[in-house]
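*Asks:* Build me a structure from this.
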Amino acid sequence: MDRTIEQQLPVGRRGFLSSGAGVPGLAAVGELLRGRALADQSAPPQPPRAKRLISLFQSGAPSQLDLFDYKPGLSQWAGSELPESVRQGQRLTGMTSTQASFPIAPSMFRFRQRGSSGAWVSDLLPRTAGIADRLCFIRSMHTEAINHDPAITFVQTGAQLAGRPSLGAWLSYGLGSENQDLPAYVALISGTGDQPLYDRLWGSGFLPTRYSGVKFRSQGDPVLYLSNPAGITTDVRRGLLDDLQQLNGLHLQQTGDPEIATRIAQYEMAFRMQTSVPELTDLSNETAATFEMYGEDSRKPGSFAWNCLMARRLCERGVRFVQLFHRGWDQHLELPKNIAMQCRMTDQPAAALVVDLEQRGLLDDTVVTWGGEFGRTVYCQGKLTPADYGRDHHPRCFSMWLAGGGVQPGLTWGETDDFSYNIVRDPVHVHDLNATLLHLLGIDHVRLTWKFQGRHYRLTDVHGNVVRELLS
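*Replies:* The predicted model follows:
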């Protein structure tokens, strides 16, 4: 998996185009560029348990203390100082490092054990609680970054600094596409908040740009520039693309630049998407029962519920990776009010997606993940009152859940200390999670590499282990 595109083609581009194929042979190049050749060359080292992945990424970092990591003993510590023996000198953000006090803030919300698995889930998430036996909870996630941008970048790309390929780009490269009329990787965004989400989070980094995710929009054309300009018919556009393909083909023959080949393939994909995307986003054939299951917001383009329904429709059509980014979880102040609002927006549709996939026979070969970039502190940021508290960033431990293809249902994995501040059993690093997700999709994370500037890179850098205890 460490060969470049040039090495993966039967001959070099210059040789291919000068060997009699020339510009008329661009149809054959198109077949290679649409991922079929790469998919064949990237035969998985083990049988895949899943064909596709859906990431429900909760940008801003949900509080594990208020959702999944139940700490009943904190009530006796309410308002008292977090012991230095727990903090252990760990770094703090600039937002709380100057606080004179670090008072412990127990969760205001009730937890209960759910289903036959007995997983602890907050009352904030009643629908998620209702499918607890289908989920695998990880309470021992940890990461390296303490601020949002590097932490989100790290989760998505395996590095804190921008420039590396995203998880979806690696999957597109390693697995190819199952539907030649839709992208292999789609990103959807919902929610509000101060933390920006940059296109590089679903970008291809140093991989060819054709592996980048395509962001679907909630207003206007779902994909930019998909509609024909005023006065241009489909036949005219087809002719323009044919002429442009000839010119790009000549340029490709002269330079061998893989980005020209990407441009040719993307123009063709855009033309095909003029038909496939309107059909995809037309929800008129969805039943009233489906909208009721996902919630009324599922009728509103751009909502998290609508995006969850779109994720199911994209998976039905063979899209490899669908990533939902939902903003608004950065709750430094007024956490009880704000986290309740976020849960009302996301709980029902997230649970509905899992149930819907299962009912349609798709959950067995689809992995679903839910979680953010890090956790929140047990101590209060700002003023602690009987009715209010806030929490700062905490990379040392946080919680996620997984469901679907090859994941062990009804499992709670990992344990934190009595303050949800340090991991005491079965830690799972971000690199471990990504290695495990790739494994479920039939990819050895050590072998999926790309040579760039003299070094072979991979999503998990030089780290990561498959957490086999999470597998069914």
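*Asks:* count of neighbours near E358?
*Replies:* Close neighbours of E358, defined as other Cβ atoms under 10 Å, add up to 16. (Glycine included, C-beta is placed from N, CA and C.)
*Asks:* If you rank every helix and strand of this protein by mean pLDDT, what lands last?
*Replies:* Taking mean pLDDT, DSSP states H and E as the measure, the chain has helix 13-16 as its least confident helix or strand, at a mean of 34.
*Asks:* F137 sits in which helix or strand?
*Replies:* Counting by DSSP states H and E, the element that carries F137 is strand 136-142.
*Asks:* So, low pLDDT: which residues of the stretch 101-250 of the chain?
*Replies:* Regions of the stretch 101-250 of the chain meeting the criterion pLDDT under 70 cover residues 218-228, 231-232, 236-243.
*Asks:* Mind doing that once more with 80?
*Replies:* 193-194, 217-250 (pLDDT under 80).
*Asks:* ok, now the stretch 251-400 of the chain?
*Replies:* Within the stretch 251-400 of the chain, the segments meeting pLDDT under 80 span 251-278.
*Asks:* Please, where are all the strands along it?
*Replies:* Remark: strands of the stretch 251-400 of the chain, listed N- to C-terminal, are 321-327, 366-371, 375-380, 391-394, 398-404; assignment by DSSP state E, counting those that start in this stretch.
*Asks:* Pull the residues that contact the third one.
*Replies:* This means strand 375-380. Contacts to strand 375-380, defined as Cβ atoms under 8 Å, 6 or more residues apart in numbering, come from residues 61-66, 71, 74, 82, 96, 102-105, 141, 331, 335, 389-399, 419-421.
*Asks:* What about D199, how many residues nearby?
*Replies:* 10.
*Asks:* nearest spatial neighbour of it, skipping sequence neighbours?
*Replies:* K215 (6.8 Å; Cβ to Cβ, 6 or more residues apart in numbering).
*Asks:* just checking, that neighbour touches A187?
*Replies:* Yes - K215 sits in contact with A187 when judged by Cβ atoms under 8 Å, with a separation of 4.7 Å.
*Asks:* which residues do those two both contact?
*Replies:* Common neighbours of K215 and A187 (Cβ under 8 Å, 6+ apart) are W202.
*Asks:* In terms of neighbours, single out the busier of these two.
*Replies:* A187 (25 against 19).
*Asks:* phi, psi of that one?
*Replies:* Its backbone dihedrals place A187 at phi -110, psi 140, with angles given as degrees, to the nearest 10.
*Asks:* which residues does it bridge with?
*Replies:* Beta-bridge pairing of A187, defined through DSSP bridges, involves K215, Q323.
*Asks:* quick one on the thing from earlier: return the residues in contact with the residue nearest to D199.
*Replies:* Applying Cβ under 8 Å, 6+ apart to K215 gives the contacts 186-189, 199, 202, 223.
*Asks:* if I look at G213, how far off is L324?
*Replies:* Distance, G213 to L324, by Cβ to Cβ, to the nearest Å: 12 Å.
*Asks:* Actually, K71.
*Replies:* 29 Å.
*Asks:* If you count surrounding residues, which of these two has more?
*Replies:* In terms of neighbours (other Cβ under 10 Å), L324 is the more surrounded of K71 and L324; the figures are 26 against 21.
*Asks:* ok, now which ones touch the more buried one?
*Replies:* By Cβ under 8 Å, 6+ apart, L324 lies in contact with 54-57, 188-190, 304, 307-308, 311.
*Asks:* same thing but at 6 Å, please
*Replies:* L324 makes contact with 56, 188, 307 under the criterion Cβ atoms under 6 Å, 6 or more residues apart in numbering.
*Asks:* most surrounded residue in those?
*Replies:* Using other Cβ under 10 Å as the contact criterion, the top neighbour count among the contacts of L324 goes to N307, which has 30 neighbours.
*Asks:* Stretch 391-408: end-to-end distance?
*Replies:* End-to-end span of stretch 391-408 (Cα to Cα, to the nearest Å): 31 Å.
*Asks:* next one: that stretch to chain centre, how far?
*Replies:* Between the mean C-alpha location of stretch 391-408 and the chain-wide mean there is a distance of 13 Å, by Cα atoms, centre = their mean, to the nearest Å.
*Asks:* again, but for stretch 137-149
*Replies:* Relative to the chain's own centre, stretch 137-149 is displaced by 14 Å; criterion: Cα atoms, centre = their mean.
*Asks:* Give me the neighbour count for V462.
*Replies:* Neighbour count for V462, taken as other Cβ under 10 Å: 8.
*Asks:* In terms of helices and strands, where is it?
*Replies:* Under the criterion DSSP H and E, no helix or strand holds V462.
*Asks:* Going forward, the N-terminal residue is numbered 37.
*Replies:* All right, first residue 37 from here; so that's V498.
*Asks:* list the buried ones in stretch 179-191?
*Replies:* Neighbour counts using 16 or more other Cβ atoms under 10 Å place 179, 181-191 of stretch 179-191 among the buried residues.
*Asks:* send the alpha carbons of that stretch over as PDB?
*Replies:* These are the backbone C-alpha positions of stretch 179-191, laid out as PDB (Å, rounded to 0.1, in the frame of the first residue of the first chain):
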ATOM      1  CA  THR A 179      -5.600  12.300  23.100                       C
ATOM      2  CA  GLU A 180      -2.600  14.600  23.000                       C
ATOM      3  CA  ALA A 181      -4.000  18.100  22.200                       C
ATOM      4  CA  ILE A 182      -5.700  20.400  24.700                       C
ATOM      5  CA  ASN A 183      -7.200  23.000  22.400                       C
ATOM      6  CA  HIS A 184      -9.900  22.500  19.700                       C
ATOM      7  CA  ASP A 185      -8.200  23.000  16.400                       C
ATOM      8  CA  PRO A 186      -5.200  20.800  17.000                       C
ATOM      9  CA  ALA A 187      -7.400  18.200  18.800                       C
ATOM     10  CA  ILE A 188      -9.900  18.000  16.000                       C
ATOM     11  CA  THR A 189      -7.100  17.900  13.400                       C
ATOM     12  CA  PHE A 190      -5.500  15.100  15.400                       C
ATOM     13  CA  VAL A 191      -8.700  13.000  15.500                       C
END
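*Asks:* Next up, the contacts around D366.
*Replies:* The contact partners of D366, taken as Cβ under 6 Å, 6+ apart, are 96, 229, 231.
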